[in-house]
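Visitor: everything below, folded, please.
(one chain, ligands or ions: 1)
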Amino acid sequence: MGVGIEVTNLNAWYGTNHTLQDINLHIPANQATALIGPSGCGKSTFVRCLNRMHETNPIARVTGTVKMGDIDVYADSKPVQIRRRVGMVFQRPNPFPTMSIYDNVASGLKLNGYRNRRVLDETVERSLKKSALWDEVKDDLKKKSGASLSGGQQQRLCIARALAVDPEVLLMDEPASALDPVSTSKIEDLIFELKSLYTIVIVTHNMQQAARVAEKTGFFLNGRLVEFDSTHKIFTNPSDKRTEDYITGRFG
Ligand SMILES: Nc1ncnc2c1ncn2[C@@H]1O[C@H](COP(=O)(O)OP(=O)(O)OP(=O)(O)O)[C@@H](O)[C@H]1O
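Guide: Residues are numbered from 1 along each chain as shown. As a prediction, the model looks like this:
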């Protein structure tokens, strides 16, 4: 099951660039939350702060609190423990190119020491079913490499790989922006299915996509969260003039 995420006074820097400023929001469990805003406003940095990836950059710094369920992400746990609870999917599908489809999905479990063949088989099948890829690859699991799949299939493979370690949160940073419309619609259908099981945060430039998949939407501008509300409110009756200007295409 998913968990809620409580972000309090989050600030982030790259060197002297104060990239995120005083971000406060509550991301509800088992819903999809979309983050929108013009290029460079800090959306990717924000999601990278949720799973402690931001700090992997030597010039990066973070202050503030992120609570994921009962866990204080920065105080209570190591980055590697957090990344097990939080799956991440990036803009460009990044399967391990030389590994088979099966090994791509099983990689996280194997890294965590799982060796039992039956457990691995079951997890690979379950994860590929959840990511709506099973029917397309079930006969080639060990014969084909991850890199031999189409872009849309590779992205669903990456989603299966993220789900295999049983996370509570799924972060998706523009997961469909490199895909064709048919693959994009499959990813959107998938987000719809998956949110009953996971808390999903999706960065997107595509406002129709945000409106289609997300219950809540946050609008970022210049490192600040300008507005956070139900997606319906953001797109029909935003409280802030800057949100209205952005969603009506007057800037950005
Ligand atoms: N690795 C990095 N090193 C230094 N500065 C960075 C780095 N990554 C991002 N930044 C800076 O941080 C700010 C926010 O970038 P970020 O990628 O979070 O924005 P974004 O809203 O996700 O943009 P986009 O929609 O174009 O992906 C920008 O000013 C960017 O130049």
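Visitor: around the ligand, pick out the residues from this protein.
Guide: Tyr14, Asn17, Thr19, Gly37, Ser39, Gly40, Cys41, Gly42, Lys43, Ser44, Thr45, Asn57 (C-beta under 6 Å from any ligand atom). For glycine as for every other residue, the C-beta is placed from the backbone atoms N, C-alpha and C.
Visitor: in helices only, show me the residues you listed.
Guide: Lys43, Ser44, Thr45 (DSSP state H).
Visitor: a markdown table please, covering those and showing pLDDT.
Guide: Below are those laid out as a markdown table (pLDDT from 0 to 100):
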| residue | pLDDT |
| --- | --- |
| Lys43 | 97 |
| Ser44 | 97 |
| Thr45 | 98 |
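Visitor: just give me the closest of those residues to Phe90.
Guide: Ser44 (9.3 Å; C-beta to C-beta).
Visitor: neighbours around the closest one, how many?
Guide: 20 (other C-beta atoms under 10 Å).
Visitor: if I pick it, what's in contact with it?
Guide: Residues near Ser44 by C-beta atoms under 8 Å, 6 or more residues apart in numbering: Asp173, Val203.
Visitor: just the CA trace of stretch 76-86, in CSV.
Guide: Provided in CSV are the C-alpha atoms of stretch 76-86 (Å, rounded to 0.1, in the frame of the first residue of the first chain):
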residue,chain,number,x,y,z
ASP,A,76,15.6,8.0,10.3
SER,A,77,17.0,6.1,7.4
LYS,A,78,19.8,5.6,5.0
PRO,A,79,19.4,6.7,1.4
VAL,A,80,19.6,3.0,0.2
GLN,A,81,16.7,2.1,2.5
ILE,A,82,14.6,4.9,1.2
ARG,A,83,15.2,4.1,-2.4
ARG,A,84,13.8,0.6,-1.7
ARG,A,85,10.6,2.1,-0.5
VAL,A,86,10.5,4.6,-3.4
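Visitor: what about the closest residue in space to Ala132 that isn't next to it in sequence, distance to the ligand?
Guide: Closest residue to Ala132 apart from its sequence neighbours, by C-beta to C-beta, 6 or more residues apart in numbering: Leu190 at 5.5 Å. The gap separating Leu190 from the ligand is 22 Å, by C-beta to the nearest ligand atom, to the nearest Å.
Visitor: give me phi/psi at Leu190?
Guide: Leu190 adopts backbone torsions of phi -60, psi -40, taken as degrees, to the nearest 10.
Visitor: just checking, it touches Lys129?
Guide: No. When contacts are counted by C-beta atoms under 8 Å, Leu190 is not listed as touching Lys129 (11.2 Å).
Visitor: more crowded one of these two?
Guide: Ranked by neighbour count (other C-beta under 10 Å), Leu190 and Lys129 place Leu190 first, with 22 against 14.
Visitor: show me the contacts for that one.
Guide: Neighbouring residues of Leu190 by C-beta under 8 Å, 6+ apart: Ser131, Ala132, Arg156, Ile159.
Visitor: rerun that using 10 Å as the cut-off
Guide: Lys130, Ser131, Ala132, Leu133, Gln155, Arg156, Ile159, Met172, Pro175, Ala176, Ile200, Val213 (C-beta atoms under 10 Å, 6 or more residues apart in numbering).
Visitor: number of residues surrounding the last one?
Guide: Applying other C-beta under 10 Å, we find 25 other residues in the vicinity of Val213.
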